[in-house]
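K.L.:
Pasting the sequence and the predicted coordinates here, then a few questions.
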Amino acid sequence: MSLASTAQAAFVLHSRPYKETSALVDFFTPQGRLRAVLRGARGKAGALARPFVPLEAEFRGRSDLKNVVRLEPNGIPNLLSGEALFSGLYLNELMIRLLPVEDPHPGLFEHYRATLPLLAAGSPLEPLLRSFEWRLLDDLGYGFSLDSDIVGQPVAPDGLYRLLPDSGLEPVGSLQPGLFHGADLLAMAEADWSAPGALAAAKRLMRQALAPHLGGRPLVSRELFMNRKDNSRD
């Protein structure tokens, strides 16, 4: 696919050394996830090619591997640290793993661009992460209704449901591991994170929904975060 050399907003998702002085960089743009070679990565351009920095970039190339022809700052860098940094790395890894190359998602890009300053400002992490996970699943066509079940019946507040990742929520008649209470699902549908249990249920639900699309390979960012928490207890 050919991509014209026009300026567009971009963020770096991941960068690694490539050959002697270049870097192989995964970018997120309104036109989707792009992989490109950044030459002279040890100079000014390389200093810019860091995650969470708003950029303006131009790419050129006909193959899936582009060349960066221009890279400039395009806003205030989002300085993430601690748990917010691990959360940002988690969002980046999700997109690298799940987004097809050069598949435009302008709405998801704007959601990501709006999420980063909130992470940097110290906003509560869990609602931001659940909101982004849900938007990502929905944009990729993997979303499902939170207020109706797989046969179109409204979710009952006192009902029990299990997630069928390819279909949606299935009502069940008895308590089993991994189920969700209808009241929690309805709170999620309204993004009402003040409801007791809604955030914890949303975390479980998103893990179940994402797992089939991530395959069996664990997320590196999640393992790094868990190791950090374990080390902090020592």
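P.N.:
Noted; the coordinates are in hand.

K.L.:
what about the lengthiest strand in the chain, distance to the chain center?
P.N.:
When the chain is parsed with DSSP state E, its longest strand is strand 8-18. For strand 8-18, the separation from the chain centroid amounts to 15 Å (computed by CA atoms, centre = their mean, to the nearest Å).

K.L.:
For the remainder of this discussion, apply numbering that starts at 17.
P.N.:
Fine by me, first position is 17 from now on; the one you just mentioned is strand 24-34.

K.L.:
What is it packed up against?
P.N.:
For strand 24-34, the packing partners by 3 or more CB pairs under 8 Å, 6 or more residues apart in numbering; DSSP states H and E come out as strand 38-45, strand 48-54, strand 71-76, helix 98-114, helix 122-136. No exception for glycine: its C-beta is placed from N, CA and C like everyone else's.

K.L.:
Show me what secondary structure element comes after the third one.
P.N.:
Right, the one you point to is strand 71-76. strand 81-89 (DSSP states H and E).

K.L.:
Over to the last one?
P.N.:
With elements assigned by DSSP H and E, the helix or strand that comes after helix 122-136 is helix 141-155.

K.L.:
Okay, angle between that next one and helix 122-136 too, please.
P.N.:
170 degrees (axes from the mean of the first three to the mean of the last three CA atoms, to 10 degrees).

K.L.:
what comes into contact with helix 141-155?
P.N.:
For helix 141-155, contacts defined as CB atoms under 8 Å, 6 or more residues apart in numbering pick out 99-100, 103, 106-107, 110-111, 114, 121, 123-124, 127-128, 131, 134-135, 159, 204, 207, 209, 215, 218-219, 222, 225-226.

K.L.:
So what are the sheet partners of the next helix or strand after that helix and their directions?
P.N.:
Note on helix 141-155: by DSSP H and E, the next helix or strand toward the C-terminus is strand 176-180. Looking at strand 176-180 with DSSP bridges, its partner strands are strand 184-188 (antiparallel), strand 196-197 (antiparallel).

K.L.:
Put together CSV for those, with distance to Pro33 on each row.
P.N.:
Listed next are the strands paired with strand 176-180 as CSV, based on distance: least, CB to CB, whole Å:
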stretch, distance to Pro33
strand 184-188, 44
strand 196-197, 44
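
K.L.:
now the ones you listed as JSON lines including mean neighbour count, distance to Lys35 and mean pLDDT?
P.N.:
Output for these, formatted as JSON lines (neighbours: other CB atoms under 10 Å; distance: least, CB to CB, whole Å; pLDDT from 0 to 100):
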{"stretch": "strand 184-188", "mean neighbour count": "17", "distance to Lys35": "47", "mean pLDDT": "96"}
{"stretch": "strand 196-197", "mean neighbour count": "20", "distance to Lys35": "49", "mean pLDDT": "96"}
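
K.L.:
before we move on, the earlier item: quick one: buried ones out of the contacts of helix 141-155?
P.N.:
For the contacts of helix 141-155, a burial check counting by 16 or more other CB atoms under 10 Å picks out 100, 103, 106-107, 110-111, 114, 121, 124, 127-128, 131, 134-135, 204, 215, 218, 222, 225-226.

K.L.:
number of nearby residues for the closest residue to Phe196 other than its chain neighbours?
P.N.:
Sequence neighbours aside, Tyr177 is the residue nearest to Phe196 in space, at 5.0 Å (criterion: CB to CB, 6 or more residues apart in numbering). If you count neighbours by other CB atoms under 10 Å, Tyr177 ends up with 22.
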